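**Student:** would you be able to build a 3D model of this:
(chains A and B)
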There are 2 protein chains.
Amino acid sequence: MDREDAEDLFLALTHDDQAELIAQIPAHKRRSWLRILPLDEAADVIQLLDPELKNLCLDLLDPESRREVLGLLAYADDDAGGLMTPNIVRLRPDMEVQLAIRYLRTYSKYHDETIYYCYVVEPDGLLKGVVSFRELLLAAPQKKISDLMKTELVMVREETDQEDLAKLFSKYNYSAIPVVNSVGQLKGVVTYDDAARALEEEATEDIQKIGGMEALDLPYWKTSLWTMLKKRAGWLAVLFVGESFTASAMARYEDEISRAVLLAMFIPLVISSGGNSGSQASTLIIRAMALGEVRLKSWRKVFWRELQSGLGLGLFLGLLGFAKIVFWPNAVARYGEHYVLVGLAVSLSLVGVVAWGALAGSMLPIVLKRFGLDPASASAPFVATLVDVTGIVVYFSVAGWILSGTLM
Amino acid sequence: MDREDAEDLFLALTHDDQAELIAQIPAHKRRSWLRILPLDEAADVIQLLDPELKNLCLDLLDPESRREVLGLLAYADDDAGGLMTPNIVRLRPDMEVQLAIRYLRTYSKYHDETIYYCYVVEPDGLLKGVVSFRELLLAAPQKKISDLMKTELVMVREETDQEDLAKLFSKYNYSAIPVVNSVGQLKGVVTYDDAARALEEEATEDIQKIGGMEALDLPYWKTSLWTMLKKRAGWLAVLFVGESFTASAMARYEDEISRAVLLAMFIPLVISSGGNSGSQASTLIIRAMALGEVRLKSWRKVFWRELQSGLGLGLFLGLLGFAKIVFWPNAVARYGEHYVLVGLAVSLSLVGVVAWGALAGSMLPIVLKRFGLDPASASAPFVATLVDVTGIVVYFSVAGWILSGTLM
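**Tutor:** Sure, this is the predicted structure:
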């Protein structure tokens, strides 16, 4: 592979892979590879190295770049300051277009991120406007930059969270957003590819949490078996402890079960239907909240919507369950002489448990968010566990009411 | 609100909202609102209208735009042809830079998508290269386009799926990718914002499927209650039928349960632990496959990895369960004289069921993909249901083996 192809390949790698490669190649080759990275990406890669190698690599950068990378390392990995690239071309408002173009021809070869905007900055560093390369190219040469630039800017602060940043990108369809400090001085620019990567990471984290585990932070194959076990065992243990209350709940109904073993048979069916309905509702609301479609203040609307959905779905499954038991060939032999009452008990419990699942599943992410926690922690298994325990109580209460005097 | 602000707001809306607005505003205002949309977005919006209104709106476009929008409507909504914008500036390889710039100054105001590349096309329409506005601006005026252009291009075919397209964008970090037909003629260009929207839609679909339902296709509040019920009821019914095999499985062990009611109490705990471990594994693998980290051919590696994880997690939960039963204050009163054997039966079943959950959960998405189905259909509830039924058989087999002669 020739050098150019190798460089293209290197640039297309993830930061994890780039860091791994940098760590493995001979020391004398590191400099040229590090220096082809845009500064914001170099900072992300260096961040991932061991402390010792990190310092070695920082020394390989030219003084100017090292200063900027060190500046970037001071930001959190997941805010605008950490994602931005600091070396961008700055124009002055009073420049003429032809001068700006000459200036750009001279200086922009040092600015290697493919950004399609030039930011217009006063001598005191305050961001005043933006003009695209395209607009510069198409404008009359004598025009002033201040007449050309767009002054109504979408900008973010250094500490803006990457999730909010990603939402701005998807709202405005910009390919870059400038980053300013508290007084409005231009500090750098975040490009859409960094935001897209952030958006993808957030979706991955949400999906893993919905699956009932901690987010991995690294790709599947980069995660060691031990880390994988730790990320999964924590939630499994929490769910296990939660689910062990089903045993306590059933212990309360030990007498009923011993009198009518038949009843125990339908427990997994009833409670898991509630869990499934809860899992649907919670993933639906978690994603709707991540996309900004559902907000805290609309919880009442969600409540009513999910109550209706839950009752509708519960009635549907209740009818299905009733039909299955009552129209079973030879139902008497299988479910005893009171099979219609058994069918009624199962199907009424289903209505209650499925509706309760939809309500609990939809409200839990909202409650978590209300208390500053991640809504995605209301994972499918978590909601299912919650609904399982209450489902057992609902089931035996309904069964006790319908079957007292006959089976119980 | 003045017209400009109103337009900005309109352009920032989703296609669904834009379509709704177009349908609601007075007929004489439709034209000006439709015409501010880039052609590819206009096509997406018109696609969403009722057939009658669709034709009315098509008539409001100028003949040239109508022809292009009709062309776009012929493509599927989710492939490159459906996402691309067809009206882009084309340069010839033998143009000089200064002529190209003059040409662009004249014609590019009709091309309203903010694309930062110019595509270089031979008279026969074959795509030859690409040059960015930035490069044009920075090049010497007498240089030939053919000397400036990049000829190694990433391009896609019209029928390329949006998921593959999104992967290309995240791999190469381009802001636009050209679309060609089977002979290599330039048909249009897809911009990163369309790809980002596609990526977000795919993540939403995956999350909803993981939650155990059909993908909604519309935002939460845009989905009618009836549609919502239909999208959720189908999978709930399938899961219900699947789960009803737990009742059949338990019926096989009716005698064992009536002899030792105690055993029934641990059923939800044991089977749901398997379900949780399966739900973790399946969401992990579904997302890893969506990101291209796990491929079909690496199924053996996944199998071994998940067997190890599953056994590790199973041992952990097994120990937890054993401790909980055996060290319970007054265990004899609660679990009877054979409480150590009961603890052993529960904890051994846990090892088996949790490991089986991890294996089933990780293999199911791969199997679905192998048969051309969507891996995300291996939802958490689906895997849980699968594991519940087998979990009951495992539990009673283990319990029968350990407790025969004592409790059973």
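
**Student:** what helices or strands is the host helix or strand of residue A:237 leaning on?
**Tutor:** Here residue A:237, judged by DSSP states H and E, is contained in helix A:225-252. With contacts taken as 3 or more CB pairs under 8 Å, 6 or more residues apart in numbering or on different chains; DSSP states H and E, helix A:225-252 sits against helix A:380-403, helix B:261-265, helix B:267-290, helix B:299-326. For every residue, glycine as well, the C-beta is placed using N, CA and C.

**Student:** including distance to residue B:62, mean neighbour count and mean pLDDT, could the ones you listed go into TSV?
**Tutor:** Shown next, in TSV, are the helices and strands packed on helix A:225-252 (distance: least, CB to CB, whole Å; neighbours: other CB atoms under 10 Å in any protein chain shown; pLDDT from 0 to 100):
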stretch	distance to residue B:62	mean neighbour count	mean pLDDT
helix A:380-403	51	24	88
helix B:261-265	74	22	84
helix B:267-290	41	30	89
helix B:299-326	54	19	91
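
**Student:** ok, which of the ones you listed comes nearest residue A:32?
**Tutor:** helix B:267-290 (32.8 Å; CB to CB).

**Student:** between helix B:225-252 and the closest one, find me the angle.
**Tutor:** Computed by axes from the mean of the first three to the mean of the last three CA atoms, to 10 degrees, the angle separating helix B:267-290 from helix B:225-252 equals 130 degrees.

**Student:** list the contacts of residue A:279.
**Tutor:** Counting by CB atoms under 8 Å, 6 or more residues apart in numbering or on different chains, residue A:279 touches A:357, A:361, A:380, A:381, A:383, A:384, B:211, B:212, B:379, B:380, B:381.

**Student:** spatially, which two of those are the most separated?
**Tutor:** That would be A:357 and B:379, which, of the contacts of residue A:279, are the farthest apart (CB to CB) at 14.9 Å.

**Student:** the more surrounded of those two?
**Tutor:** residue A:357 (34 against 30; other CB atoms under 10 Å in any protein chain shown).

**Student:** if I pick the more buried one, what's in contact with it?
**Tutor:** Residue A:357 sits next to A:273, A:274, A:275, A:276, A:277, A:278, A:279, A:281, A:310, A:383, A:387, A:391 when contact means CB under 8 Å, 6+ apart.

**Student:** check those and tell me the two furthest apart.
**Tutor:** A:281 and A:391 (14.7 Å).

**Student:** any chance of the contacts of residue A:279 in TSV, plus distance to residue B:160?
**Tutor:** Putting the contacts of residue A:279 into TSV (distance: CB to CB, whole Å) gives the following:
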residue	distance to residue B:160
A:357	40
A:361	37
A:380	33
A:381	37
A:383	38
A:384	39
B:211	29
B:212	30
B:379	27
B:380	31
B:381	33
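
**Student:** show me which of these is closest to residue A:133.
**Tutor:** residue B:211 (44.0 Å).

**Student:** show me where the stretch 101-250 of chain A has strands.
**Tutor:** A:117-121, A:127-132, A:156-157, A:176-180, A:186-191 (DSSP state E, counting those that start in this stretch).

**Student:** now the ones you listed as JSON lines including mean neighbour count?
**Tutor:** Shown next, in JSON lines, are those (neighbours: other CB atoms under 10 Å in any protein chain shown):
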{"stretch": "strand A:117-121", "mean neighbour count": "23"}
{"stretch": "strand A:127-132", "mean neighbour count": "20"}
{"stretch": "strand A:156-157", "mean neighbour count": "17"}
{"stretch": "strand A:176-180", "mean neighbour count": "24"}
{"stretch": "strand A:186-191", "mean neighbour count": "24"}
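
**Student:** now for the ones you listed, which one comes closest to residue A:371?
**Tutor:** That would be strand A:156-157 among those, by CB to CB, at 25.3 Å.

**Student:** hmm, who's touching the closest one?
**Tutor:** By CB under 8 Å, 6+ apart, the surrounding residues in contact with strand A:156-157 are A:80, A:164, A:165, A:168, A:177, A:178, A:179, A:180, A:181, A:182, A:190.

**Student:** give me the residue from the stretch 101-250 of chain A nearest chain B.
**Tutor:** Minimum separation of the stretch 101-250 of chain A from chain B (CB to the nearest CB) falls at residue A:211, amounting to 2.7 Å.

**Student:** wait, that residue touches residue B:278, no?
**Tutor:** No: at 9.6 Å, residue A:211 does not count as touching residue B:278 under the criterion of CB atoms under 8 Å.

**Student:** list residues touching both of those two?
**Tutor:** Joint contacts of residue A:211 and residue B:278 (CB under 8 Å, 6+ apart) are residue B:380.

**Student:** from chain B, how far off is the closest residue to residue A:253 other than its chain neighbours?
**Tutor:** Ranked by CB to CB, 6 or more residues apart in numbering or on different chains and with sequence neighbours excluded, the top spatial neighbour of residue A:253 is residue A:396, at 4.6 Å. Computed as CB to the nearest CB, to the nearest Å, the residue A:396 to chain B distance reads 12 Å.

**Student:** ok, residue A:396 - contacts?
**Tutor:** A:252, A:253, A:256, A:263.

**Student:** one more: residue A:19?
**Tutor:** So residue A:19 contacts A:45, A:46, A:48, A:49 (CB under 8 Å, 6+ apart).

**Student:** what's the helix or strand for it?
**Tutor:** Per DSSP H and E, residue A:19 falls inside helix A:15-24.

**Student:** report the buried residues of that helix.
**Tutor:** Neighbour-count burial for helix A:15-24, with 16 or more other CB atoms under 10 Å in any protein chain shown as criterion, is recorded at A:15, A:18, A:19, A:20, A:22.

**Student:** thought the second one was touching residue A:34?
**Tutor:** No: judged on CB under 8 Å, residue A:18 makes no contact with residue A:34 at a distance of 9.3 Å.

**Student:** what sits up against the next helix or strand after the helix holding residue A:19?
**Tutor:** Using DSSP H and E, the helix or strand that follows helix A:15-24 towards the C-terminus is helix A:27-35. With CB under 8 Å, 6+ apart as the test, helix A:27-35 has contacts from A:10, A:21-22, A:25, A:42, A:45-46, A:56-57, A:60-62, A:65.

**Student:** one more time with 7 Å, if that's ok
**Tutor:** Applying CB atoms under 7 Å, 6 or more residues apart in numbering or on different chains, the set of residues contacting helix A:27-35 from outside is A:10, A:22, A:25, A:42, A:57, A:60, A:61.

**Student:** what packs against the helix or strand following that helix?
**Tutor:** Sequence-wise, the next helix or strand downstream of helix A:27-35 (DSSP H and E) is helix A:39-47. Contact here means 3 or more CB pairs under 7 Å, 6 or more residues apart in numbering or on different chains; DSSP states H and E; on that basis helix A:39-47 packs against helix A:15-24, helix A:51-60, helix A:63-73.

**Student:** how does it look with 10 Å?
**Tutor:** If you count contacts as 3 or more CB pairs under 10 Å, 6 or more residues apart in numbering or on different chains; DSSP states H and E, helix A:39-47 packs onto helix A:15-24, helix A:27-35, helix A:51-60, helix A:63-73, helix A:80-83, strand A:186-191, helix A:192-210.

**Student:** for residue A:75, which residues are in contact?
**Tutor:** The contact partners of residue A:75, by CB atoms under 10 Å, 6 or more residues apart in numbering or on different chains, come to A:40, A:43, A:81, A:82, A:83, A:84, A:158, A:159, A:179, A:187, A:188.
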